[in-house]
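Colleague: Following is a predicted model, sequence given first.
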2 protein chains.
Amino acid sequence: MNAQSPRRSGGRSARRAARAAPLAQDIRPIRAGMEGGQYKPLTDSDMMRIHETALDALEQIGLADAPQSGIDILTAAGALLGEDGRLRFPRALVEDMLAKACKTISLASRDGTHDLQLSGNRVHFGTAGAAVHMVDIDTEDYRDSTIQDLHDAARIADQLDNIHFLQRPMVARDIKDNKEMDLNTIYACCSGTTKHVGVSFTEPSFVPDALEMLHMIAGGEDAWRARPFVSNTNCFVVPPMKFATESCEVMEACIQGGMPILLLSAGMAGATAPSTIAGAIVQATAECLAGIVYVNAISPGHPAICGTWPFGLDLRSGAMSVGSGEQALLSAGCAQMHKFYGLPGGAAAGASDSKLPDMQAGWEQMCSNVMAGLSGLNMVYEAAGMHASLLGFCHESLILGDDLIGQALRSVRGIEVDEETLALEQIRDVCLNGPGHYLGTDSTLSRMQKDHVYPTLGDRTSPKEWAELGKPNLLEKAKSRKEQILSQASAARFSPDLDQALRARFKIHLPH
Amino acid sequence: MNAQSPRRSGGRSARRAARAAPLAQDIRPIRAGMEGGQYKPLTDSDMMRIHETALDALEQIGLADAPQSGIDILTAAGALLGEDGRLRFPRALVEDMLAKACKTISLASRDGTHDLQLSGNRVHFGTAGAAVHMVDIDTEDYRDSTIQDLHDAARIADQLDNIHFLQRPMVARDIKDNKEMDLNTIYACCSGTTKHVGVSFTEPSFVPDALEMLHMIAGGEDAWRARPFVSNTNCFVVPPMKFATESCEVMEACIQGGMPILLLSAGMAGATAPSTIAGAIVQATAECLAGIVYVNAISPGHPAICGTWPFGLDLRSGAMSVGSGEQALLSAGCAQMHKFYGLPGGAAAGASDSKLPDMQAGWEQMCSNVMAGLSGLNMVYEAAGMHASLLGFCHESLILGDDLIGQALRSVRGIEVDEETLALEQIRDVCLNGPGHYLGTDSTLSRMQKDHVYPTLGDRTSPKEWAELGKPNLLEKAKSRKEQILSQASAARFSPDLDQALRARFKIHLPH
């Protein structure tokens, strides 16, 4: 700032001062639940054909391997058990259950400040997955993920505005007993964030203890059932077109316990689903419609997220690949099918095949995240931190993902067109009466907060400024932010009494 | 591959062998000119309002600073010269000239193999800009860009399938004389690639010599005029709403010389254009419509690309920012306006604010590139290699951009829905008669080439494979590819006779 430009200096100071003020919630430029839907990879006729083919698949091919309880429930509802052991679904049954299905799901946060309303084109981004490794950006090592890593991810996600929910992104491999792992997963996630949490129970017999823990955290069963702040991911099918017997039993127990569920069909296009994008969407749609029938046959209107969640594959190697344009299309196409049925839905986007948070990770994560958002996907799972085709999770990448998703959300918000934004009077004034530019005008200053998403760690300095700052490295900045967040006590931690009670009742692995 | 899985091993070997075979042009999964348009950030009514407001601005505010030649041309056509020196454009004049404007532009390549057809939603990605620095990824230095850097960029772009044209991305700062710089820019670009080249002449008096050089390269004026393989970027306005006097004179000379032109309006939203996205699009639209009137008043139907090319701004600092969601919306909204008018158009996308090809660069470049592609932008300028808010160009980033754009193009290609891709019979066969999976089926193998875009440098190995390979670094791989490309002779180099003639007639700075 030199002495020759007091006017400009004043403008810049004013802008910096305005920017420094905290943003009121109502003028934040982006938020959870913004409306996408401007991007439509499928035509209406495409969707109708996918729907009809999915109904054909359900009626003619059906699903194998339902548990006995599921066979009883589904045949009572009108499904037909064939001599080949497959359950087939008449169209009328599917249509009846679609009519009963929950169309608007409220996913509660523990503290009530981060509830998510799933309907229409409302978009939410969060973590998910079952990574088995933590990515160490200093050594570039992939090491086994632990319960502490999971808790730290929850604490970090709690502090990031654009991470709207925390579905468990990695498994605690330091806990060998599966039941202990499931219970500690709840503990580690919920004590790290008050945002909505997603978990996934390994066996049906673990559900009662898990519910007991959730009741304790909620302050009783009634409080839990009034605002269930944890949902369960049910991988209820083993594609192609088979029920996952045990996971179906878990699902039944969760429904009884009042947990919202995610009906997750995770086919791999070219391995466990057709290699074509349309075919993979057809199969995922058929499988999830079977799940919708199942859930609503048990409990009409129970909150169930339609989790058509097909993944890509590198057909050269047969290995999963999640960072491609094909993946982005799979998830965006699924989002449109959710709208077709009016069902709240989710799919995976934002994961990378790259092993590190490098340029490849950036482009892969943005490609599917922004396309998922623009397609109006209600729940964008795996949206941040996920690497190595879902095998590795990285805290620094999660932090950078918050910036990345911020720009994706700005894109989802779209272009407002009204008399003020069209700005004819402003153009007239600047050109005919004014200084010939828009810097520092009232119109510009009044919108600098509510229209623009400023990066937290992303760099916008000039090359000269950047060099003067010592050429700050993006990953180092993310690491500093991680250390800063983890150096503070978790804002979501349990009260001492509750914590003591939980530790007395369950074997909690996290240290006090 | 272990001895226990001969079947799978056979399948993988078959896939690898199939992949190794060169791809016939007709089954390449992506190519120049794929059709976007599935993403529509503006509604029909939004576009009509933008159009009406742009017409209001032209009629009521008009543009200042036309050269005398332009005043003569435009008033003869029906524009009104006000006492304030501004030219105002009646609606009927704009509509008449829109009717005369060129609706399909063929941009020729020098060898005829990379011609671009601009119309409808056909998408092409390429470089552009006027960076003044080269980014050195080893030292992280920004140094002055040179004519050799430009030539090397041309040679690299020539070898990258997803870079469809080479608009001069940086200026040769080692050539102090502007005329020599302009002439050497043509030489450096055209001797590096046979793809369509874009340049930008500094002064009208340089155009005759430039045309002489182009005639020599083409093999005579007739050959040049039949297939003009170089177009000129005319920054014909200085936003807001002023003609750039000298650039207009350059434009007139280029039109006489048979060069296709890019009518470039590069306002900065919040500085030289309204800060709102809609307002910036309105002003850019008005300015480019004035350009369309100008061009068609001189030569009806002359090929002119509608270059509504607004940039974002970080309102906190007043500095240009090109990597944001706001930027992606600006360019995608402009693409829709081109469709509204039926004009071939271009805008900027794919540039980054980051100083290096890091994760931020990846997400920024993908965000605007994929949104530009999905919106059907004909010419996506600045799509690769551009850093530091247009101040720096990076060869390694250009190479990585080819991979990034490959996935964006795959997204643009979209989802094919037909009986084969819906795959009902395949699902039936696999579930009821087959092995229970789709790996290695005829349907899968037959599509592994034509449906899937495989990265060239992007990594898809497992963490274990990656570690065994020594944890290859993405930037190092890009650097190796750069060295490999530059170690070979340019496939686009001029014949010895032509080169000798050019060097005899002009002062060529590049060494033999």
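Modeller: Looks like it arrived, so ask away. Numbering: from 1, shown residues only, chains lettered A, B, ... in the order given.

Colleague: all helices for the stretch 101-250 of chain A, in order.
Modeller: A:147-158, A:178-190, A:207-218, A:221-226, A:245-256 (DSSP state H, counting those that start in this stretch).

Colleague: want to throw those helices into JSON lines with mean neighbour count, distance to chain B and mean pLDDT?
Modeller: The way it works is simple: take the backbone N, C-alpha and C, and place the C-beta from them, glycine included. Formatted as JSON lines, these follow (neighbours: other CB atoms under 10 Å in any protein chain shown; distance: least, CB to the nearest CB, whole Å; pLDDT from 0 to 100):
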{"stretch": "helix A:147-158", "mean neighbour count": "24", "distance to chain B": "16", "mean pLDDT": "98"}
{"stretch": "helix A:178-190", "mean neighbour count": "22", "distance to chain B": "21", "mean pLDDT": "98"}
{"stretch": "helix A:207-218", "mean neighbour count": "19", "distance to chain B": "29", "mean pLDDT": "98"}
{"stretch": "helix A:221-226", "mean neighbour count": "14", "distance to chain B": "37", "mean pLDDT": "98"}
{"stretch": "helix A:245-256", "mean neighbour count": "22", "distance to chain B": "15", "mean pLDDT": "98"}
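
Colleague: Where does the prediction get shaky in the stretch 1-150 of chain A?
Modeller: Scanning the stretch 1-150 of chain A for pLDDT under 70 picks out A:1-25.

Colleague: And the helices of the stretch 101-250 of chain A: which comes nearest B:Gln336?
Modeller: Each of these has some distance to B:Gln336 by CB to CB; the shortest is helix A:147-158, at 35.6 Å.

Colleague: Quick one: residues contacting the nearest residue to A:Gly70 once chain neighbours are set aside.
Modeller: Spatial nearest neighbour of A:Gly70, chain neighbours left out: A:Cys248 (5.0 Å); criterion: CB to CB, 6 or more residues apart in numbering or on different chains. Shown in contact with A:Cys248 (CB atoms under 8 Å, 6 or more residues apart in numbering or on different chains): A:66-67, A:69-70, A:234, A:236, A:294.

Colleague: Any chance of a ChimeraX selection covering the buried ones in these?
Modeller: Per 16 or more other CB atoms under 10 Å in any protein chain shown, the buried members of the contacts of A:Cys248 correspond to this ChimeraX selection:
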select /A:66,67,70,234,236,294
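
Colleague: What separation do you get for A:Ala66 and chain B?
Modeller: Distance from A:Ala66 to chain B, counting by CB to the nearest CB, to the nearest Å: 14 Å.

Colleague: list the contacts for that residue?
Modeller: Here A:Ala66 is in contact with A:74, A:87, A:243, A:245, A:248 (CB under 8 Å, 6+ apart).

Colleague: let's see 6 Å
Modeller: A:Ala66 makes contact with A:87, A:243, according to CB atoms under 6 Å, 6 or more residues apart in numbering or on different chains.

Colleague: That one falls within a strand, correct?
Modeller: No. Counting by DSSP: H, G, I helix; E, B strand; the rest coil, one finds A:Ala66 to be coil, located in no strand.

Colleague: which phi and psi does it have?
Modeller: Taking degrees, to the nearest 10, you get phi -70, psi 150 for the backbone angles of A:Ala66.

Colleague: For chain B, what's its nearest residue on chain A.
Modeller: A:Gly362 (2.3 Å; CB to the nearest CB).

Colleague: what helix or strand is that residue on?
Modeller: Assessed by DSSP states H and E, A:Gly362 sits inside helix A:359-374.

Colleague: Using PDB, write out every CA atom in that helix.
Modeller: The C-alpha trace of helix A:359-374 is given here as PDB (Å, rounded to 0.1, in the frame of the first residue of the first chain):
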ATOM      1  CA  MET A 359      -2.900 -32.500  -8.000                       C
ATOM      2  CA  GLN A 360      -4.500 -35.800  -9.200                       C
ATOM      3  CA  ALA A 361      -6.400 -36.000  -5.900                       C
ATOM      4  CA  GLY A 362      -7.600 -32.400  -6.400                       C
ATOM      5  CA  TRP A 363      -9.000 -33.000  -9.900                       C
ATOM      6  CA  GLU A 364     -10.500 -36.400  -9.100                       C
ATOM      7  CA  GLN A 365     -12.200 -35.200  -5.900                       C
ATOM      8  CA  MET A 366     -13.600 -32.100  -7.500                       C
ATOM      9  CA  CYS A 367     -14.800 -33.800 -10.700                       C
ATOM     10  CA  SER A 368     -17.200 -36.200  -8.900                       C
ATOM     11  CA  ASN A 369     -18.000 -33.800  -6.000                       C
ATOM     12  CA  VAL A 370     -19.100 -30.900  -8.200                       C
ATOM     13  CA  MET A 371     -21.000 -33.100 -10.500                       C
ATOM     14  CA  ALA A 372     -22.800 -34.800  -7.600                       C
ATOM     15  CA  GLY A 373     -23.600 -31.500  -6.200                       C
ATOM     16  CA  LEU A 374     -24.900 -30.000  -9.500                       C
END
